[in-house]
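A.B. asks: Build me a structure from this.
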Amino acid sequence: MTQIRRSAERGLADHGWLRSFHSFSFADYHDPAHMGFGPLRVINEDRVQAGRGFGAHGHRDMEILSYVLEGALAHRDSMGNGSVLRPGDVQRMSAGTGVTHSEYNGSDREPVHFLQIWIEPEARAIAPGYEEKHFADADKRGRLRLIASHDGRDGSVTIHQDASVYAALLDGDESAEFAQKAGRRTYVHMVRGSARIGGESLEAGDALKIAGEAHVRIDGARDAELLLFDLP
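C.D. replies: Numbers count the residues shown, from 1 in each chain. Below is the predicted model of the structure:
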């Protein structure tokens, strides 16, 4: 089974300082047909104008990943963490029993473009936690590079869910394959560029839900950046 979700079908919130596309129901956007995919609950593609951002707000019982595409994302939280994330950086925040954080554009001149991803944890009321790592373009070039996993293998950030997240940069003759295990599902989000996935052509912002397929092949890429989620 494969199902395409086109970029234009996503929810959109345009607040002037923030332009956000929602792959799944979020805030004022509600679509019963798109509430999540397995434990994957949110993929928001955010563009925040210079000098603006999200003030301090709270979360509970959610694994939150930030994936920066352009610009600088300044982060502070109630655990005492403070940093500026740049392209190639991946941040994991486990909200658990409760955490407060703020996110601002780290530049007073350029916008910041990033993905915020929420994954439901395998257990509630875990201790809050934080982690960030950098994944260079060379590590993602021509292959699926693991960036988040349940056990933190291969230098990935650790999430409290039996899920894995891969990032890839593909162009021209470069291709990648993913072996989907029985009983699991795959979600591919096209971040930038275009590629053919399982015979389907995807453009930036498009996504593909896959279940019951033994192999996922990605080819025909043109300046493509994508995220692949291996989900229970």
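A.B. asks: ranges for the helices of the protein?
C.D. replies: Using DSSP state H, the helices of the chain run over 137-140.
A.B. asks: So in it, where's the weakest helix or strand by average pLDDT?
C.D. replies: strand 53-59 (a mean of 87; mean pLDDT, DSSP states H and E).
A.B. asks: buried residues in that strand?
C.D. replies: 53, 59 (16 or more other C-beta atoms under 10 Å). For every residue, glycine as well, the C-beta is placed using N, CA and C.
A.B. asks: Distance from the chain centre to it, please.
C.D. replies: 19 Å (C-alpha atoms, centre = their mean, to the nearest Å).
A.B. asks: Near the nearest residue to residue 1 once chain neighbours are set aside, how many other residues are there?
C.D. replies: If the residues on either side of it in the chain are set aside, residue 1 comes closest to residue 211, at 4.7 Å by C-beta to C-beta, 6 or more residues apart in numbering. Look at residue 211: counted by other C-beta atoms under 10 Å, it has 16 neighbours.
A.B. asks: Run through the bridge partners of residue 211.
C.D. replies: residue 185 (DSSP bridges).
A.B. asks: surely it meets residue 186?
C.D. replies: Yes. Applying C-beta atoms under 8 Å as the test, residue 211 and residue 186 come out as touching, 7.5 Å apart.
A.B. asks: Domain-wise, how is this structure divided?
C.D. replies: The chain breaks down into these domains under automatic domain parsing: 10-135, 138-231.
A.B. asks: Indicate which one of these is closest to residue 3.
C.D. replies: Set against residue 3 and scored by C-beta to C-beta, these come closest in domain 138-231, at 4.4 Å.
A.B. asks: That closest one spans what distance, first to last residue?
C.D. replies: 26 Å (C-alpha to C-alpha, to the nearest Å).
A.B. asks: How far does it sit from its chain's centre?
C.D. replies: Worked out by C-alpha atoms, centre = their mean, domain 138-231 lies 11 Å from the chain centre.
A.B. asks: same deal with stretch 221-232?
C.D. replies: Relative to the mean C-alpha coordinate of its chain, stretch 221-232 is positioned 10 Å out (C-alpha atoms, centre = their mean).
A.B. asks: Could you do stretch 56-67 as well?
C.D. replies: For stretch 56-67, the distance to the chain centre is 12 Å (C-alpha atoms, centre = their mean).
A.B. asks: For that stretch, give me every contacting residue.
C.D. replies: 41, 73, 75, 85, 89-103, 114-121, 124-126, 147-148, 157, 159-161, 165, 167, 191, 227 (C-beta atoms under 8 Å, 6 or more residues apart in numbering).
A.B. asks: max-length strand in this structure?
C.D. replies: Counting by DSSP state E, the longest strand found in the chain is strand 215-231.
A.B. asks: Give the partner strands of the least confident helix or strand of the chain in its sheet and their orientations.
C.D. replies: Assessed with DSSP bridges, strand 53-59 is paired to strand 99-105 (antiparallel).
A.B. asks: buried stuff in the strand it pairs with?
C.D. replies: 99, 101, 103, 104, 105.
A.B. asks: Stretch 217-232 now?
C.D. replies: Neighbour-count burial for stretch 217-232 [16+ other C-beta under 10 Å]: 218, 219, 220, 221, 224, 225, 226, 227, 228, 229, 230, 231.
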